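A.B. asks: Quick one: sequence and predicted model below, then my questions.
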Amino acid sequence: MLHKAIGRILKVGALLSTWGLIATVLLQIFCRFTPLATPSWTEEASRLFFIYATSFGAGLAMKSEYYVHLDMFFSRFPVRMQRTLVKVIPVIVLLLFVLMAIYSIQFVVLGIPEKSPSMGFNMGIAFFSMFIMSASISYYLWKRIQKNYKNTKV
């Protein structure tokens, strides 16, 4: 239940962010070819939409294992070392992203008093994307680690 809800939130977030990015960029393009002045907020909005689309998409990429693998090097290692690496690397990456999640919360709190230059919103909102990315990647890495260790104990 929770697993499906997290996946749906990430998918909806990625879609809305991507659509927002497309809409703001199309508005910029439209205004450049017409006598209308391009609104000053569109550059910052498109940047924010891009950041959030990437943050939501990072967790989904981890869920579906869409990240780049260096199979050319990995396949040259002995089988025993490959098995060890398959177990150890996700744990190390998980520790790094958990650490990033913890520090990103502090970063969000530091950004609360700051205001965005052209849109005037709280910069903690922009910085929250780091937490979304690190928390979602950590969640799906944890699920993968559980799966890896469950499959080897049989």
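C.D. replies: Perfect, I can see it now. Numbering: from 1, shown residues only.

A.B. asks: C-alpha from now on. contacts and neighbour counts both.
C.D. replies: OK.

A.B. asks: Point me to the residue sitting closest to the centre of this structure.
C.D. replies: A centroid search over the chain (C-alpha atoms, centre = their mean) returns S55, at 2.4 Å, as the residue closest to the centre.

A.B. asks: lowest-pLDDT helix or strand in this protein?
C.D. replies: Least confident helix or strand of the chain, by mean pLDDT, DSSP states H and E, is helix 71-74 with a mean of 83.

A.B. asks: what's near enough to touch the residue nearest to the centre of the chain?
C.D. replies: 14, 129-130, 132-133 (C-alpha atoms under 8 Å, 6 or more residues apart in numbering).

A.B. asks: could those go into TSV alongside pLDDT, neighbour count and distance to K150?
C.D. replies: Converted to TSV, the contacts of S55 look like this (pLDDT from 0 to 100; neighbours: other C-alpha atoms under 10 Å; distance: C-alpha to C-alpha, whole Å):
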residue	pLDDT	neighbour count	distance to K150
A14	97	22	31
S129	95	20	32
M130	96	23	30
I132	96	20	27
M133	96	25	26
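
A.B. asks: among those, which two are most distant?
C.D. replies: Pairwise distances across these (C-alpha to C-alpha) peak at 14.0 Å, for the pair A14 and M130.

A.B. asks: one step back: what packs against the least confident helix or strand of the chain?
C.D. replies: Contact here means 3 or more C-alpha pairs under 8 Å, 6 or more residues apart in numbering; DSSP states H and E; on that basis helix 71-74 packs against no helix or strand.

A.B. asks: Put the alpha carbons of stretch 123-141 into CSV.
C.D. replies: As requested, C-alpha coordinates have been extracted for stretch 123-141 and formatted as CSV (Å, rounded to 0.1, in the frame of the first residue of the first chain):
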residue,chain,number,x,y,z
MET,A,123,13.3,29.2,-1.1
GLY,A,124,12.8,26.3,1.3
ILE,A,125,10.3,25.1,-1.3
ALA,A,126,13.0,24.9,-3.9
PHE,A,127,15.4,23.2,-1.6
PHE,A,128,12.8,20.6,-0.6
SER,A,129,13.5,19.0,-4.0
MET,A,130,16.8,17.7,-2.6
PHE,A,131,14.9,15.9,0.2
ILE,A,132,12.4,14.4,-2.2
MET,A,133,15.2,13.0,-4.4
SER,A,134,17.4,11.6,-1.5
ALA,A,135,14.4,10.1,0.4
SER,A,136,12.9,8.4,-2.7
ILE,A,137,16.2,7.0,-3.8
SER,A,138,16.9,5.8,-0.2
TYR,A,139,13.5,4.1,-0.1
TYR,A,140,13.9,2.2,-3.3
LEU,A,141,17.5,1.4,-2.5
